[in-house]
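[1] can't give you the sequence, but here's the structure:
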Ligand code: FAD
């Protein structure tokens, strides 16, 4: 077993486990404060990888998330300029009629951003701090709440152990850091899989232009089914079909895919292309969606959970990453309040943050129901009002 000594001079060592969106941003927050930051990520460096495996291709960045990016000086140039503003939802009725529903006041919008690009930019930003080291191909296996000693699996079967003063678990919905919490008394934990799965399909540009109006989050609400589409910089749209797993499983041939789309999303067939639909529907199986709630988010002065590791939410409120980014700001503010004393900061973070994150998880669940059922009603009311005018 290889041993690496992390302590340098007398600076405290913060280990961030997981270099996804929240982990990479968090590394910047801790580095900015002057800690010795070590980031450990199970995957290889996605900036060098040929294929980046992960969840949704793009996601909606809201005010919450942008504020966190601004804190580490990286909102505008790298991120906002590469995002596409979505001012409203565009509801597609079964007849193909489109009705916009604005997100807020005039001029307000959320941004469609490329997940991989955002993650890469955050990693590069973290690496610009001389006190930050990124360790890829490090999969956390176990850690000690008493000593902060972590054991990582390395490629080819070897292991490495390192120690930190603070372990920040940003390793996602199936967090290995959180496993230690589950072994302890008075830790509350629940996880719920919803009956729906999701599948991504690409809508290519038409004659070099977006196939639909780009500055919208397009939604096809169909009772128990729903499809959404977010624009990408390359003028494609990423369509996400949400549907109960049992419905996905009923479709097993190309003809059945077309029949299904004919029935529920007829206007999307020429936009995605029948041949593409027949092929892409079977490219990957539908993915599951889980909601995780737990409390507290910390153990003593040694470990804290943030992002999906603390609160994985269903994606219907578009706030999973945004809430994870906000975790970083809240923690940072509490660090100021308590002079970086982890024994005071960590319990205060749990006290302040758990109720808010649980509220986001509940709102996401409510919006799951709202988006599937309610938008049909809203678009109907908008159409009816227009007819009256
Ligand atoms: P993750 O992104 O899961 O990153 C965790 C990282 O930890 C990964 O890099 C992983 O490789 C690494 N890791 C895991 N285990 C280990 C280990 N043992 N050791 C070391 N490293 C490890 N949110 C929004 O705000 N807006 C949206 O529009 C939106 N759309 C979504 C659409 C879909 C279909 C889905 C599924 C989610 C969506 N989300 C959205 C939610 C968002 O994807 C998550 O909230 C966000 O990715 C959480 O970031 P994270 O860094 O906490 O976790």
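    All right, it came through fine. These numbers come from a predicted model, not from an experiment. Numbering: from 1, shown residues only.
[2] and the spatially closest residue to residue 357 that is not a sequence neighbour, what does it touch?
    Once flanking residues are discounted, residue 357 sits nearest to residue 311: 4.1 Å by Cβ to Cβ, 6 or more residues apart in numbering. C-beta coordinates here come from the backbone N, C-alpha and C atoms, glycine included. Residue 311 is in contact with 292, 293, 294, 323, 324, 357, 358, 360, 361, counting by Cβ atoms under 8 Å, 6 or more residues apart in numbering.
[3] and the helix or strand containing residue 150, which residues are buried?
    In this assignment (DSSP states H and E), residue 150 forms part of strand 149-153. For strand 149-153, burial by neighbour count (16 or more other Cβ atoms under 10 Å) applies to 150, 152, 153.
[4] between these, which sits nearest the ligand?
    residue 152 (7.1 Å; Cβ to the nearest ligand atom).
[5] so how far is residue 16 from that closest one?
    Distance, residue 152 to residue 16, using Cβ to Cβ, to the nearest Å: 13 Å.
[6] which residues do those two both contact?
    With Cβ under 8 Å, 6+ apart, residue 152 and residue 16 have common neighbours residue 40.
[7] tell me the secondary structure for residue 15?
    With DSSP: H, G, I helix; E, B strand; the rest coil as the basis, residue 15 sits in strand.
[8] so it touches residue 41, yeah?
    No - look at residue 15 against residue 41 with Cβ atoms under 8 Å: they stay out of range, at 11.4 Å.
[9] tell me the spacing between residue 34 and the ligand.
    23 Å (Cβ to the nearest ligand atom, to the nearest Å).
[10] just to be sure, that residue is in a helix?
    No - counting by three-state DSSP, residue 34 is located in no helix; its state is coil.
[11] any idea how far it is from residue 126?
    In terms of Cβ to Cβ, residue 34 sits 14 Å off from residue 126.
[12] what about these two, which has more around it?
    residue 126 (25 against 12; other Cβ atoms under 10 Å).
[13] got the phi and psi for the more buried one?
    Here is the backbone geometry of residue 126 (degrees, to the nearest 10): phi -60, psi -40.
[14] and if you look at residue 190?
    According to degrees, to the nearest 10, residue 190 has phi -150, psi 150.
[15] over to residue 48?
    Here is the backbone geometry of residue 48 (degrees, to the nearest 10): phi -110, psi -10.
[16] neighbours of it, how many?
    8.
[17] circling back to that earlier point, between the buried residues of strand 149-153, which is nearest residue 181?
    Of all these, residue 150 has the smallest distance to residue 181: 14.6 Å, by Cβ to Cβ.
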